[in-house]
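Asks: return a 3D structure for these sequence lines:
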Amino acid sequence: MNSVEELVNMIKERQIKKEAVLICFLKRIKTHDKAVKAFISINKERAIPQKTGKLMSIPFALKDNIMALNTRTTAASKALWNYRSTYDASVVRHLLEAGACLVGKTNMDEFAMGSTTENSAFFPTRNPWDLSKTPGGSSGGSAAAVAAGMAAFDIGSDTGGSIRLPASYCGIVGLKPTYGLVSRHGLIPFASSMDQIGPITRSVRDAALILNIISKDCQYDSTKVKNDHDFLESIEEDVKGYSIACINETLNHTCDLKVKKRFLETIECLRWQGVQIDFISLKDMVQAHEIYTIISSVEAFSNLARYDGIRYGLKVHSDDWKQSVLHSRNKGFGKEVKRRIALGAFWLSKKNYELHYKKAVQIREAMKNKLTDIFERYDAIMTPVSGRLPGKIGEAKVIGRMAEYDTNTVLSNLTGTPAISVPMGNIKNTPVGLQIMSKKFDEAKLLRIARAFEKTAGFYEDGFYPAPHLENTNYV
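Replies: Okay, here's the model as predicted:
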């Protein structure tokens, strides 16, 4: 499969037509989504070739918790099963102005709460590399669509690893930008202090290209920081002399031995380029998930209070309005969402607020300071995206084991730092990813390191995409 950059250049040089590229992607959706089930809705009415823009009508998909005018935006929940967006999210507006073409909305864990995309109210999404396995979550539909060649790129959201985990399991690139670099206007919130929109692509250069577009200014998001950086400008520069820290705690007994072995082999690719690799201890990696669980549940409890069935979404009628709200929420929310709401109410109770929630916020600030200290000594931090391999669709879910999926990813969200997932090969016919983190607003260096690894590892040049059981595509 071609990257976004390659497709744009082919269209510019008149090797292919915009219309042919769009038709090809729509055909792939029709052919392969029956098995993968990446899409909640296809938007043929908006899939029209654009006359202008640097993206040359390149088709993209959108996670179904991001607004796009006149499309269904369900967040994969029955509570919003019939809701239609009344406006474009800022990232969507930027992409459309750049000439991209929206082909559909992708499946996800309900309200972005989950790590497997099995918590969707509609259906589970399957991993294109092995249809018996999960693609990760919560942006599982987004990653599966890109990996299966049904979209040139996707825009997802990441609250605790929801872009990086599925990108890792589907063998593609997933970037979670610095908190505030990309506007969240038009994103249905889960945990507002950690949510971040980012690109899911086939290459690191594509991630930089899309980030250039979606990081433009937005007047509707007070947390948005002005950006005028071109992330492609220095992406090919040498990384010789850089120093990177690997965290011992991410390779402990909870890490699959094959993942650990692949990670240790992988980091040698950067040593060959003159990068210094040190192993350090950071106990915060072990504690991070507990802090994330407390804070995200409290914020979810607050954000989900608006879904009362009165103004929009599912409404269960009753003579008493209180009962109507109660039944609407009971019918509209799935099991995992209800669990998070209950946890949020629990942590906010008078007894637990001071004892747990307030302390969690304090520990979060201490984590930010520790990472700041590390980034004064090192250019980046590297870990496996996850120590676990993707599970089978429908296997028994144990809460403790589920937490192991995103143990390595939540620290980036708690601290607001950028992180990227880059493929580091296959284990048991399923891809696994390398996570790289850098200090805030240093995406240029982060992408440079990721690109250096990508070139050395050579997965893209070996025809790593799309998933092997899906035939390749010719744009004719």
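Asks: so the residue lying closest to residue 210 once chain neighbours are set aside is in which element?
Replies: In space, residue 210 comes closest to residue 199 once its chain neighbours are excluded; the distance is 3.9 Å by Cβ to Cβ, 6 or more residues apart in numbering. All C-beta atoms are positioned from the backbone trio N, CA, C, and that covers glycine. Using DSSP states H and E, residue 199 sits in strand 196-201.
Asks: can you give me the strands in the protein?
Replies: 39-42, 59-63, 101-106, 153-158, 173-176, 196-201, 243-247, 276-280, 380-384, 419-427, 430-437 (DSSP state E).
Asks: how about the ones you listed in JSON lines, adding mean pLDDT?
Replies: Output for the strands of the chain, formatted as JSON lines (pLDDT from 0 to 100):
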{"stretch": "strand 39-42", "mean pLDDT": "97"}
{"stretch": "strand 59-63", "mean pLDDT": "97"}
{"stretch": "strand 101-106", "mean pLDDT": "97"}
{"stretch": "strand 153-158", "mean pLDDT": "98"}
{"stretch": "strand 173-176", "mean pLDDT": "98"}
{"stretch": "strand 196-201", "mean pLDDT": "98"}
{"stretch": "strand 243-247", "mean pLDDT": "98"}
{"stretch": "strand 276-280", "mean pLDDT": "97"}
{"stretch": "strand 380-384", "mean pLDDT": "98"}
{"stretch": "strand 419-427", "mean pLDDT": "95"}
{"stretch": "strand 430-437", "mean pLDDT": "96"}
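Asks: how deep is the residue nearest to residue 210 tucked in, by neighbour count?
Replies: Neighbourhood size, residue 199 [other Cβ atoms under 10 Å]: 31.
Asks: one more: residue 157?
Replies: Neighbour count for residue 157, taken as other Cβ under 10 Å: 27.
Asks: beta partners for it?
Replies: Applying DSSP bridges to residue 157 gives these bridge partners: residue 197.
Asks: against residue 309, how distant is it?
Replies: Using Cβ to Cβ, to the nearest Å, we find residue 157 at a distance of 24 Å from residue 309.
Asks: try residue 56
Replies: Applying Cβ to Cβ, the value for residue 56 to residue 309 is 43 Å.
Asks: isn't residue 115 up against residue 405?
Replies: Yes. With contacts counted by Cβ atoms under 8 Å, residue 115 reaches residue 405, the gap being 3.9 Å.
Asks: can you work out which residues contact both of those two?
Replies: Common contact partners of residue 115 and residue 405 (Cβ atoms under 8 Å, 6 or more residues apart in numbering): 136, 161, 165.
Asks: so which of those sit within helices?
Replies: Per DSSP state H, helices hold the following members of the shared contacts of residue 115 and residue 405: residue 165.
Asks: need the pLDDT of residue 1.
Replies: pLDDT, residue 1: 74.
Asks: going forward, begin numbering at 7 instead of 1
Replies: Done: numbering now begins at 7, and the last item shifts to residue 7.
Asks: burial count for it?
Replies: 21.
Asks: from residue 177, how far off is it?
Replies: Relative to residue 177, and taking Cβ to Cβ, residue 7 is found at 11 Å.
Asks: now the lowest-mean-pLDDT helix or strand in the chain, how far from the chain's geometric center?
Replies: When each helix and strand of the chain is scored by mean pLDDT, DSSP states H and E, helix 405-409 comes last, with a mean of 81. Its chain's C-alpha centre and that of helix 405-409 lie 19 Å apart, by Cα atoms, centre = their mean, to the nearest Å.
Asks: which strands and helices sit next to that helix?
Replies: Helices and strands touching helix 405-409, by 3 or more Cβ pairs under 8 Å, 6 or more residues apart in numbering; DSSP states H and E: there are none.
Asks: in it, what counts as buried?
Replies: By 16 or more other Cβ atoms under 10 Å, the buried positions in helix 405-409 come out as residue 409.
Asks: same thing with stretch 57-65?
Replies: Of the residues in stretch 57-65, 59, 61-65 count as buried by neighbour count, 16+ other Cβ under 10 Å.
Asks: and if you look at stretch 420-434?
Replies: Residues 420-431 are the ones in stretch 420-434 that count as buried (16+ other Cβ under 10 Å).
Asks: what's the span of it, first residue to last?
Replies: End-to-end distance of stretch 420-434: 32 Å, with Cα to Cα, to the nearest Å as the criterion.
Asks: so how far is residue 288 from the spatially most distant residue from the centre of the chain?
Replies: Distance from the C-alpha centroid of the chain, by Cα atoms, centre = their mean, peaks at residue 325 (42.0 Å). Remark: distance between residue 325 and residue 288 (Cβ to Cβ) = 57 Å.
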